Every structure is written in C-alpha cells, then in structure tokens.
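[1] Take a look and give me a structure for this.
(4 chains)
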There are 2 protein chains.
Amino acid sequence: MPGQQEPVIWMRPARAPLGRPAERSRAEITAAAVELADRQGLDAVSMRRVAAALNTGAASLYRYVATRDDLLDLMIDSTASEYDLPAPTGDWQADLLTVARQARDIMRRHPWLPHLVITRPTVGPQGVDLLEHVLDALADHPADAAAKLEAFALLCALTALFVQNELAAADPGSARQTAYLRHAAALGDHPRISALLATAPPAVTPAAGAADRMETVLVRALTGVLA
Amino acid sequence: MPGQQEPVIWMRPARAPLGRPAERSRAEITAAAVELADRQGLDAVSMRRVAAALNTGAASLYRYVATRDDLLDLMIDSTASEYDLPAPTGDWQADLLTVARQARDIMRRHPWLPHLVITRPTVGPQGVDLLEHVLDALADHPADAAAKLEAFALLCALTALFVQNELAAADPGSARQTAYLRHAAALGDHPRISALLATAPPAVTPAAGAADRMETVLVRALTGVLA
DNA sequence: ACCTCTTCGCGTACAGTGTTCGCGAAAGGG
DNA sequence: CCCTTTCGCGAACACTGTACGCGAAGAGGT
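    Below is the predicted model:
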C-alpha cells in the first residue's frame, strides 16, 4: 500500500510533547504571513521573507509547516476568525447575506484573500465553524446535503469574485484592458462594443452600489443551487 | 511624465518589417504552450520548457513576448477561437446558455483554463469577438453598458468556477478535505456538519446533473446583474 | 547532578524559476 | 557588396521552495 498521503495540516500535531520546546507557534507564523501579505501583497509571502519577519531562518519554518501551501491554508483559515456569527433568525436568505457582507468586508481588509479563496478552497478549524453556522441557517431548507455544501462554496467563491473585480477596477491593469477594447473597436467589425464604449463614461466605475449588485446576484445564485 | 507603461501585448507589433525575419510566430509559441499545459498542467509552462518544446533557447521567447504573463494571456485568448458563434436568436437567455455550454466544454478540454480565466480576466482579439457576440445577444436588453459588461465577466468567471469545482472533485486533495471535515465533526460541537456527513454517501459526487445545476445558477445570476 | 532522548534552529546546498545583457550571425534593401 | 536592423541564445543574476544534517537546547528519569 504505497498511497497513504499526508493529511491536512490541522490533523497533524502542532507541537511535540517531548524534547526541546518550539520557540514559536503556528499562530505566530500565520500572523506574520498575514501581516506581510496585507502590507506587500501575496507575492511577498515567501518562506525567506516570512522567516525574516520573525527574525529566524527560512528552514526553521518547516518545523511548523510542511510546505508553503500549508502556510497559505493557515492564512485562509485565520481570516475566518474575523466573522461574527449570531444565532440564525429563521430567514436563511437574510442570515446568509449577513455572512456575505462580512465576507466582503474581510476580503477588502485582506486584498490577497479572494485569490486564495478561489484557487484553493480550504476549510480549517475556523472555517468549520463558519460552515456549521451556514448549515445551521439552512437547517430548515429542504435541499439535500450536496446542494447545501455547494451553496456554501458558491457563497465564498462568488463574494471573492466580486471583491476581486471591485479591487481590480482600481489598478492600472484595468485601464490597459479598456484601452485595448477601444483599440479593437476602432478597427471596426465590432459595432456593439463601439456603441457600448460610446455610451459608458470613460472609466468611471460606479463604486457605489457594488455591494447591492453583489447581494442580488448572490441571493439569486444561492436559490439556484438550493432549488 | 514617467508613467506611460506598456500596452497589452496585442497592441504591440508582432514582427518587425526590417532586419532578419523571425523563425517563429506568436501563434506557434502559444500553441506549444497550450499543448504543454494540456498534457502536463499549467506549472509545466515555464519559459525554459516551452522553449525546449520548440527546440530553441529560453531567452529567444522574449523576442515574441515581453513576459510570461503575456504568454498566459495569449493562451487564454487562443482558446476563445474554439467557440462556434451562430447569429443570436432573439432569446438572450438561450443564446448565453449556448455560449456557457461551449465555455464549459472548452474548459474541460483545457483543465488549466478555469484558473487562468478567474485569476486574470483578459480579452484579446478572439475574446473581443466573443464579447461582441454576447453583446449582440443582449442588444435588446434594457440594461446599461456597465451591467452588460459585468454580465459577460460573470458568465466567464462563473463557468470557470463550476468547471474548476467539477474537476477538483476528482483529485485526491478533495478526499483529504472531506477527511478533515469528518475529523472535525468527530470532535463534537458541530451537529449540522455531523448530520450532513451522515446523510451524504461517502464521497460519491453526482457527476450527472453538474451541467444542469450550473445552467440554472448561471441564468439566475445573469438576470441578477442585468436587473 | 547528570545523562539521555527528542526535538529545535538553521547554515548550506540543490534544482528550478523569470528575466537581462551582450554578442555573433543572419537576412533584406540600397 | 555593405550596412542596417533584427534574431537566436549562452551565460548570468536574483530569486524561489525545499532537503539534509549538524550542533545545541530543554525536559524527564535516576
């Protein structure tokens, strides 16, 4: 039996009961990584840089984490602690919307989060609490188990998508993209795009209302998977 | 004026009219990269490996492409040529659904595509044709320009999300995740998750119907942004 | 107090990455 | 035929994630 691969990081023991005690903890390392990402972006989260932020050597981190991906998983789960989860009201749409609103706030606080949530949907101890809360809010809903799980995934991923879009509109890459659209329209053969560009104000994105649009789309999508 | 950054790759001239002619073309390099990604995954698409597949040196690629990200953009746009875009029927929901169905097929043919579409929403020459088609299908819809653009983005991103989920269910990482869920449920304090795991069959995902669920969610989400 | 056992910290090294520089060679136009 | 301009690309640089192995540190048993 050759398989038998390593389980998720949260199933492996954190500290050893014997021998020399560790000088740091997973939580400290995670916090350092999160702070680094908040300040300088996700690309700045390299083993060496995180280690430097902790005044330690890069190889030392591997006493706490088997791989860099483990560290990213820890970062994701750590942000799930920022939710405030009141008891369900009985109106599942309202309850899920308050979760989504908090998710949006959290992701705007940590601009690197949407990318991670989308590319690596992982649930750790805090994520499990969040999932439990969502399932609690959906307890009276007649949908089956698979549908509810998919609803949770969609809730997270879709908010991440919206926040990512929201944040991308503010960076220079978006300007280049619309510049190319204008260029392509100028070459002819794309009347609809030309008309659309003529209608829209140059590059003004109506930032106000982004949350509202997200919520209407989210509710419709969720009722879709739960049908 | 220090800014004045480089425009998108499709606005830069491909070949020079003077001097020694190039031995390859952007299209050839893109095709090699796509084939490599299809066969060995996106991580195998490194400058050196793509160059090796073309029997050339790594540095030579930089005559055709300014950066690796440019190459990824070329790969995305090249897949947009696989759409078959018939004239709109007048029923925009039906028209957009046929686009979405094709998107799903294309993404399943190129498993690396969802990740790229989600993390780097780029539109090149072929993508512009697709956008024009979608706008044509939406021509009679009363929504404003921004909403239609967002509908297009949502159409692409949401299908990518679904296909990614679909494909992820087949890999071993998903088993580890559910193993942890079971572990967390066994520790108590999460009755909803425990109940859900007891209900669901071990790890059998109902692959059939994935397309249907995607379509219902998609239609609802689209009517949401276009409201 | 010592001794042993186990783990910790981490310098060093390896294989790989994207990208830059600079040179020699190649081709076309005058 | 030469001259201009581009092309191909070997070599190098600054990084990256990760494996190995050693010395040191602390805790428990005696």
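
[2] Can you give the distance of stretch A:213-224 from its chain's centre?
    Between the centre of stretch A:213-224 and the centre of its chain there are 18 Å (CA atoms, centre = their mean, to the nearest Å).

[3] got it, and stretch A:148-159?
    11 Å.

[4] So for the residue lying farthest from the centre of chain A, what's the pLDDT?
    Taking CA atoms, centre = their mean, the residue of chain A most remote from its mean C-alpha position is A:Gly188, at 39.5 Å. Per-residue confidence at A:Gly188 stands at 89 (pLDDT).

[5] From chain B, how far off is it?
    As defined by CB to the nearest CB, to the nearest Å, A:Gly188 lies at a distance of 11 Å from chain B. (Each C-beta comes from the backbone N, C-alpha and C, glycine too.)

[6] now do A:Ala184
    Counting by CB to the nearest CB, the gap from A:Ala184 to chain B is 5 Å.

[7] If you count neighbours, what's buried in the strand or helix carrying that residue?
    Here A:Ala184 is covered by helix A:172-186, with elements defined by DSSP states H and E. Buried positions in helix A:172-186, judged by neighbour count with 16 or more other CB atoms under 10 Å in any protein chain shown: A:Ser174, A:Arg176, A:Gln177, A:Tyr180, A:Leu181, A:Ala184, A:Ala185.

[8] what residues are up against the residue farthest from the centre of chain A?
    When the contact criterion is CB atoms under 8 Å, 6 or more residues apart in numbering or on different chains, A:Gly188 has no partners at all.

[9] Which residues of chain A lie near DNA strand D?
    Counting by CB under 7 Å from any atom of the strand, chain A comes close to DNA strand D at A:18-21, A:45-49, A:58-59, A:62, A:67-69.

[10] can you list the domain ranges for chain A.
    Chain A resolves into domains spanning A:9-79, A:83-169+A:205-225 when parsed by automatic domain parsing.

[11] what's around the closest residue to A:Asp38 other than its chain neighbours, how many residues?
    With sequence-adjacent residues excluded and distances taken as CB to CB, 6 or more residues apart in numbering or on different chains, A:Asp38 is closest to A:His110, at 6.0 Å. Here the number of neighbours of A:His110 (other CB atoms under 10 Å in any protein chain shown) works out to 21.

[12] And A:Trp92, by the same measure?
    Neighbours of A:Trp92 (other CB under 10 Å): 20.

[13] Regarding A:Val134, which helix or strand does it belong to?
    Assigned by DSSP H and E, A:Val134 belongs to helix A:125-137.

[14] Could you do A:Leu222 as well?
    helix A:210-225.

[15] How about residues contacting that helix?
    A:93, A:96-97, A:100-101, A:104, A:143, A:147, A:150-151, A:154-155, A:158-159, A:162, A:166, B:150, B:154, B:158, B:213, B:216-217, B:219-221, B:223-225, B:227.

[16] what kind of secondary structure is the residue farthest from the centre of chain A in?
    Reduced to three states with DSSP: H, G, I helix; E, B strand; the rest coil, the structure at A:Gly188 is coil.

[17] Next, it: phi, psi?
    Phi and psi for A:Gly188, reported as degrees, to the nearest 10, are phi 80, psi -180.

[18] ok, the nearest residue to A:Ile9 once chain neighbours are set aside - how many residues close by?
    Computed as CB to CB, 6+ apart, the closest residue to A:Ile9 that is not its neighbour in sequence is A:Asp70, at 4.5 Å. By the measure other CB under 10 Å, the count of residues near A:Asp70 is 20.

[19] Check whether the lengthiest helix in chain A comes near chain B.
    With secondary structure taken from DSSP state H, chain A has its longest helix at helix A:145-168. Yes. Shown here: helix A:145-168 in contact with chain B (CB under 8 Å from any CB of the partner chain) through A:Ala145, A:Ala146, A:Lys148, A:Leu149, A:Glu150, A:Ala153, A:Leu154, A:Ala157, A:Leu158, A:Leu161, A:Asn165, A:Ala168.

[20] Can you select the buried ones from those in PyMOL?
    The following PyMOL selection, which keeps only the buried ones among the residues of helix A:145-168 next to chain B, applies the criterion 16+ other CB under 10 Å:
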select buried, chain A and resi 146+148+149+150+153+154+157+158+161+165
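
[21] Surely the residue nearest to A:Asp38 and A:Glu35 touch.
    No. Using CB atoms under 8 Å as the test, A:His110 is too far from A:Glu35 to be in contact (10.2 Å).

[22] circling back: after the helix holding A:Ala184, next one along is what?
    helix A:191-199.

[23] Under a three-state scheme, what state does the residue of chain A found nearest DNA strand C occupy?
    Shortest chain A-to-DNA strand C distance, computed as CB to the nearest atom of the strand: residue-wise this is A:Gly19, at 2.3 Å. Secondary structure, three-state DSSP: A:Gly19 is coil.

[24] tell me, how many neighbours does it end up with?
    Residues near A:Gly19, counting by other CB under 10 Å: 7.

[25] One more: A:Ala94?
    For A:Ala94, the tally of surrounding residues (other CB under 10 Å) stands at 13.

[26] how about the CA coordinates for the host helix or strand of it, as CSV?
    A:Ala94 is part of helix A:92-109 when elements are defined by DSSP H and E. What follows is helix A:92-109, C-alpha atoms only, in CSV (Å, rounded to 0.1, in the frame of the first residue of the first chain):
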residue,chain,number,x,y,z
TRP,A,92,-31.9,31.9,5.7
GLN,A,93,-31.6,34.5,3.0
ALA,A,94,-31.0,37.2,5.5
ASP,A,95,-28.6,35.1,7.5
LEU,A,96,-26.5,34.2,4.5
LEU,A,97,-26.5,37.8,3.4
THR,A,98,-25.0,39.0,6.7
VAL,A,99,-22.4,36.3,6.3
ALA,A,100,-21.7,37.5,2.7
ARG,A,101,-21.5,41.1,3.9
GLN,A,102,-18.9,40.2,6.4
ALA,A,103,-17.0,38.1,3.9
ARG,A,104,-16.8,41.2,1.6
ASP,A,105,-15.5,43.3,4.4
ILE,A,106,-12.9,40.7,5.4
MET,A,107,-11.7,40.3,1.9
ARG,A,108,-11.4,44.0,1.4
ARG,A,109,-9.3,44.2,4.5
